[in-house]
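Undergrad: this one's sequence-less:
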């Protein structure tokens with residue numbers, strides 16, 4: 001709607017191991033243009049802007065979503081410093097068929113905690129159940145997906161962060177985590193707890209006119 005109220009922009013960093021589907025996830029959320037035949041190239045760095053309906057009286061909040069290059073090998077504890085300092089929130093993505101991608105999130109979360117400078121920084125974790133196609137998964141080394149996701153749930157409970165299961169091929173599965181994240185970044189403004197004082201100030205302003 002043209003008259004929808006637009007609030008301030010929240011900066012959200014999406015990170016995780018290489019090939020877990022971060023770019024596809026963002027593209028699907030923002031544009032809805034991902035299908036089984038979509039070809040995506042490795043990301044170096046990209047920025048997307050999404051207008052999210054928070055469900056509060058038609059108000060929409062804007063998220064600036066930063067897509068980052070996937071980490072691999074020993075890079076788990078080597079996120080560039082500026083990635084850790086500027087975001088208002090973090091989205092950590094993993095592939096539940098690859099336990100290494102979940103292990104890497106623990107290192108990333110440790111880095112975030114070290115650099116957040118005592119400010120409250122929301123963090124959510126997304127399990128991308130369609131991170132890889134069948135042809136990309138080695139048939140000789142099946143992964144116990146349920147066990148990995150149980151481990152992810154337990155870790156998220158200890159860290160007190162929300163864990164969501166999403167399917168990059170199903171756009172509606174992405175709505176809840178980003179809507180909830182947006183609501184945390186932009187909580188509703190509370191009215192003054194001193195209504196009498198507010199009324200006095202209003203009366204004084206009228207008398208001065």
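TA: Thanks, I have it. None of these values were measured; they are calculated from a predicted model.
Undergrad: may I ask which helix or strand of this protein has the lowest mean pLDDT?
TA: Ranked by mean pLDDT, DSSP states H and E, the weakest helix or strand in the chain is helix 195-208, scoring a mean of 54.
Undergrad: for this structure, which residue occupies the most central location?
TA: With distances taken as Cα atoms, centre = their mean, residue 91 lies nearest the centre of the chain, 3.2 Å away.
Undergrad: how about the secondary structure of it?
TA: Here residue 91 is strand, with the state taken from DSSP: H, G, I helix; E, B strand; the rest coil.
Undergrad: and residue 182, by the same measure?
TA: Using three-state DSSP, the three-state assignment for residue 182 comes out as helix.
Undergrad: got the contact list for it?
TA: By Cβ atoms under 8 Å, 6 or more residues apart in numbering, the residues touching residue 182 are 10, 52, 54, 61, 63. (C-beta placed from N, C-alpha, C; glycine too.)
Undergrad: so among those residues, where is pLDDT lowest?
TA: Among the contacts of residue 182, residue 54 carries the weakest pLDDT, at 70.
Undergrad: might one say that that one is in contact with residue 187?
TA: No: contact status for residue 54 versus residue 187: not in contact, 9.7 Å apart, counting by Cβ atoms under 8 Å.
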